[in-house]
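Engineer: no sequence on this one, just coordinates:
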């Protein structure tokens with residue numbers, strides 16, 4: 001089936017080079033080899049091979065029934081957050097096969113939740129986990145190894161207390177802090193060019209590391225809020241990257257979690273905080289979760305999802321990581337407030 005080249009899940013740079021050389025529709029690419037396409041357009045042979053794979057008639061998706069889709073989703077275990085209220089609101093945790101955006105002000109716990117997920121995705125299957133690996137793409141320099149070690153140690157302790165059958169006890173012999181550290185891949189991206197490059201390399205990375213089921217980008221906003229005066233261009237590039245990530249999450253059954261910053265919107269005399277990167281970006285991820293302060297409480301709100309009800313739950317960040325909001329802490333705060341007022 002003929003379709004515009006611009007609709008293919010490719011980076012904006014590759015699409016631009018194809019269009020400049022007159023390749024507007026997929027039919028224009030037929031009968032070409034990767035070497036010929038690379039020479040004609042200036043893209044690499046690896047990129048050319050990816051393009052030709054996408055226009056191959058055999059690559060066209062085969063229709064499936066709604067029941068088959070439901071069965072596929074049921075087979076994919078979500079990644080628990082260790083916040084039971086948030087997990088319940090999400091149907092068990094952060095889902096595979098979708099992209100999730102975490103928005104919030106600095107210090108609210110976006111990176112903490114990402115680190116928690118990077119540990120939790122590795123929980124052995126006999127404990128209800130995935131026994132998988134994680135790729136952490138750090139754009140702000142906020143990945144702290146010591147904090148990750150603390151969270152890993154807390155999860156190992158938690159699982160060791162739950163181990164009551166032979167399979168679980170056997171799994172705990174290898175599920176250690178060192179094991180968790182060795183199954184987290186960290187990539188530092190200093191600017192938007194490096195981030196887009198890493199996103200374009202994700203298909204080959206996942207082919208080489210099939211156990212990776214979680215990709216974290218912390219944050220998607222930071223590289224694009226600096227040195228980017230052409231906002232329409234920024235939007236096009238971002239939406240192209242988002243399309244790649246959604247396609248990757250769906251086709252590879254992985255979870256992509258991105259963090260986003262907040263910015264101030266002004267209208268007349270009123271102003272309020274909204275997620276950064278503009279309104280168009282708000283439709284990019286499958287799920288958007290807003291982390292914010294509600295008084296002294298940390299709350300997480302599912303503000304966008306096609307498969308979850310809009311819900312607000314409480315949580316806390318403690319020495320072990322992302323956890324349910326403690327009732328003891330709530331009572332202590334109330335008692336403190338009362339004593340101060342009296």
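Structural biologist: Yep, that arrived. Predicted, not measured: the structure shown is a model, and the values here were computed from it. Numbering: from 1, shown residues only.

Engineer: Kindly state the domain boundaries assigned to this structure.
Structural biologist: Here the domain parsing of the chain from automatic domain parsing is 5-59, 68-335.

Engineer: Run through who's touching the strand or helix carrying residue 233.
Structural biologist: Residue 233 belongs to helix 231-252 when assigned by DSSP states H and E. In this structure, residues lying in contact with helix 231-252 by CB atoms under 8 Å, 6 or more residues apart in numbering are 9-12, 15, 96-99, 192, 195-196, 199-200, 202-203, 206, 215, 220, 224, 228, 254-256, 258, 277-278, 280-281, 284-286. For glycine as for every other residue, the C-beta is placed from the backbone atoms N, C-alpha and C.

Engineer: Buried ones among the residues you listed?
Structural biologist: Using 16 or more other CB atoms under 10 Å as the burial test, those include 9-12, 15, 96-99, 192, 195-196, 199-200, 202-203, 206, 215, 220, 224, 254-256, 258, 277-278, 281, 284-286 as buried.

Engineer: thinking in terms of the whole chain, how far from its middle is the helix holding residue 233?
Structural biologist: Relative to its chain's centre, helix 231-252 lies at 12 Å (CA atoms, centre = their mean, to the nearest Å).

Engineer: And stretch 16-31, by the same measure?
Structural biologist: The chain centroid and the centroid of stretch 16-31 are separated by 31 Å under CA atoms, centre = their mean.

Engineer: mind checking how far residue 190 is from residue 199?
Structural biologist: 15 Å (CB to CB, to the nearest Å).

Engineer: which residues in this protein form strands?
Structural biologist: Taking DSSP state E as the test, the strands found in the chain are 99-103, 133-138, 184-188, 212-218, 255-260, 262-267, 270-275, 287-294, 297-305, 312-318, 321-324.

Engineer: Residue 158 is nearest to which of these?
Structural biologist: With CB to CB as the criterion, residue 158 lies closest to strand 321-324 of these, at 10.0 Å.

Engineer: Can you give the distance from that closest one to the centre of its chain?
Structural biologist: The gap between where strand 321-324 is centred and where its chain is centred comes out at 19 Å by CA atoms, centre = their mean.

Engineer: Who are the packing partners of that strand?
Structural biologist: On a contact count with 3 or more CB pairs under 8 Å, 6 or more residues apart in numbering; DSSP states H and E, strand 321-324 meets helix 110-120, helix 145-162, strand 312-318.

Engineer: As CSV, these with distance to residue 41, mean neighbour count and mean pLDDT would be great.
Structural biologist: Below are the helices and strands packed on strand 321-324 laid out as CSV (distance: least, CB to CB, whole Å; neighbours: other CB atoms under 10 Å; pLDDT from 0 to 100):
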stretch, distance to residue 41, mean neighbour count, mean pLDDT
helix 110-120, 36, 26, 97
helix 145-162, 41, 16, 96
strand 312-318, 48, 17, 96
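
Engineer: Please tabulate those in JSON lines and include distance to residue 30 as additional columns.
Structural biologist: Shown next, in JSON lines, are the helices and strands packed on strand 321-324 (distance: least, CB to CB, whole Å):
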{"stretch": "helix 110-120", "distance to residue 30": "42"}
{"stretch": "helix 145-162", "distance to residue 30": "48"}
{"stretch": "strand 312-318", "distance to residue 30": "52"}
